[in-house]
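> Can you look at this prediction? I've put the sequence above it.
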2 protein chains.
Amino acid sequence: MISIVLIGTGNVARHLFDTFRLYDKINIVQVVGRNEQALAYFGQYSKTGSNFSNTEPADIYIIAVSDDAIAPVSQLIANVKGVVAHTSGSVPMEALSKHPHKGVIYPLQTFSKERKIDLKNVPLCLESDQKKDLEVLNRLAHLISDHVYGISSKQRKSLHLAAVFVNNFTNHLYQIGKELCEENNLPFEILNPLILETAQKLETLSPCEAQTGPAKRGDLSTLKKQVGQLKNDRLIKIYELFSRSIQMKFSRD
Amino acid sequence: MISIVLIGTGNVARHLFDTFRLYDKINIVQVVGRNEQALAYFGQYSKTGSNFSNTEPADIYIIAVSDDAIAPVSQLIANVKGVVAHTSGSVPMEALSKHPHKGVIYPLQTFSKERKIDLKNVPLCLESDQKKDLEVLNRLAHLISDHVYGISSKQRKSLHLAAVFVNNFTNHLYQIGKELCEENNLPFEILNPLILETAQKLETLSPCEAQTGPAKRGDLSTLKKQVGQLKNDRLIKIYELFSRSIQMKFSRD
């Protein structure tokens, strides 16, 4: 049995809560947060509340709050005995320096309130500087996910940056695709199978092998024509920068 | 029964061929191509060969060759009676101007030799300036795909450009993600669930609703820190351009 106090009421806290509830071996002792309205989501947990200084005993205290709040919130629970772990991609473990037993459990995924995510498929990136604390985090992580990694603070920061490229920026390209469809009275859904296949291709091909298009082929005449089709300066800049970057990549190889 | 002559031996021709063979109602009369080695793929079709001027009678002649070759190849079969259709995203239908019965059947997908694609899920974009010819193309298209659209040459050109953004450029972002992983001794597979979920999210959320990250939040301090992490000028430019573009998008809304 692993007992857990969950601190925070946002997307990550909710997804962890929904997952923990599925396992008999995980006991959610308490959910703590400032936002009374958001706390309603966790309502059946009687000790749920906003009093940080009066948290119950537990094996792990998971701080799933916004990056800036991690250090101050961790100080509000300075006297607890269990492992205190935050869930952020970009905050170093040292933000929890007040705690003798500290760690990180970073789920590498994009969470929205509207989408259920099966944590079994989500990579959990663990960090701790004490072997025993890492073992506790490992026990929890292996219960809920099939993909558990030991990752240093430095690696995690880079991973978070890589996630910005493959998630935030990719999603922005989808947004641009949608704008181009709408300008031409085309339904955005028409791009969906292509978007899915682009992602699924990575099951069998590396991004380098999967790359296609005029920039990869060095087809300057098509590149020039396509820039000519774009009316928006912002899109022209993105088009030119990516085409150059792809050309550089493939002329180097 | 629809009879087809397929001209070309590349990725699109192969995927069409593999699909056509699945249907009793489709008769592949002949495959024609210049590349004798590539023709071996279609070997069991006895009339397969490189003689364009001696093609068999058929309802539809599908020209699945590189963009530059479409017009000259179409002239090699100037005397055929059926509908002559090319499969390109960027070439106008008028490239087939010699033919009284011309059209386009553009499969909006990324094809690689190494991946089988189920055409049932691939949008087929049809164009023809004669109702009867469009009906012939429609009959074929509805047999093999559940997503058939009538699309003008102008719309198709924009769609092809949108595909460059959501496929070619997205794949380049995956490439960058891979480079950032490798620099930090992280396996690229760790990003796979995130990449898949980013694409799958579009089933339930618009790109605008799905957008997350520091640029969307206007979190300038994180943006500055992340630029500082990047050592490569090319990546810094992409990071800054995307962050500005996302910020503009969300400050406008």
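Received, thanks.
> which residues are in contact with the longest helix anywhere in chain A?
Looking across chain A with DSSP state H, the single longest helix is helix A:233-252. Contacts with helix A:233-252, where a contact means C-beta atoms under 8 Å, 6 or more residues apart in numbering or on different chains, come from A:176, A:208, A:211, A:213-216, A:218, A:223, A:226-227, A:230, B:164-165, B:168-169, B:172, B:175, B:234, B:237-238, B:241-242, B:245, B:248. To be clear about C-beta, it is placed using only N, CA and C from the backbone, and glycine gets the same treatment.
> give me phi/psi at A:G213?
A:G213 adopts backbone torsions of phi 110, psi 170, taken as degrees, to the nearest 10.
> what about it, distance to B:V164?
Computed as C-beta to C-beta, to the nearest Å, the A:G213 to B:V164 distance reads 6 Å.
> With A:K25 instead?
The gap separating A:K25 from B:V164 is 49 Å, by C-beta to C-beta.
> which residues in chain A form helices?
In chain A, the helices defined using DSSP H lie at A:11-20, A:36-39, A:70-76, A:131-144, A:153-163, A:170-183, A:192-200, A:207-210, A:214-217, A:220-229, A:233-252.
> Let's see the last one as CSV, backbone CA atoms only.
The C-alpha atoms that make up helix A:233-252 are tabulated as CSV, following Å, rounded to 0.1, in the frame of the first residue of the first chain:
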residue,chain,number,x,y,z
ASP,A,233,4.1,37.7,-43.5
ARG,A,234,4.1,35.5,-40.4
LEU,A,235,3.5,32.4,-42.5
ILE,A,236,6.0,33.4,-45.1
LYS,A,237,8.7,33.6,-42.4
ILE,A,238,7.8,30.2,-41.0
TYR,A,239,7.7,28.7,-44.4
GLU,A,240,11.1,30.1,-45.4
LEU,A,241,12.8,29.3,-42.1
PHE,A,242,11.6,25.7,-42.1
SER,A,243,12.5,25.1,-45.7
ARG,A,244,16.0,26.4,-45.1
SER,A,245,16.3,24.3,-41.9
ILE,A,246,15.2,21.2,-43.7
GLN,A,247,17.5,21.9,-46.7
MET,A,248,20.4,22.4,-44.3
LYS,A,249,19.6,19.1,-42.5
PHE,A,250,19.6,17.2,-45.8
SER,A,251,22.6,18.8,-47.4
ARG,A,252,24.6,18.0,-44.3
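> What's the local residue count around the residue lying closest to A:V104 once chain neighbours are set aside?
Using C-beta to C-beta, 6 or more residues apart in numbering or on different chains and skipping residues adjacent in sequence, the residue nearest A:V104 is A:E127, 4.1 Å away. Residue crowding around A:E127 was assessed by other C-beta atoms under 10 Å in any protein chain shown; the count is 23.
> Kindly report the same for A:E182.
11.
> Return the residues in contact with it.
A:E182 makes contacts with A:F188, as judged by C-beta under 8 Å, 6+ apart.
> give me the low-pLDDT residue ranges for the stretch 151-253 of chain A?
For the stretch 151-253 of chain A, the stretches with pLDDT under 70 are A:252-253.
> rewinding a little: wait, which of the helices of chain A is closest to B:H160?
helix A:220-229 (8.2 Å; C-beta to C-beta).
> on that earlier part again, so for A:G213 and B:V164, which sits in the more crowded spot?
B:V164 (25 against 22).
> Quick check: A:A163 vs chain B, distance?
6 Å (C-beta to the nearest C-beta, to the nearest Å).
> List the contacts of that residue.
A:A163 makes contacts with A:89, A:108, A:110, B:177, B:191, B:194, as judged by C-beta under 8 Å, 6+ apart.
> could you redo those as CSV and give each row distance to A:R14?
Below are these laid out as CSV (distance: C-beta to C-beta, whole Å):
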residue, distance to A:R14
A:G89, 18
A:L108, 17
A:T110, 14
B:G177, 26
B:L191, 23
B:L194, 18
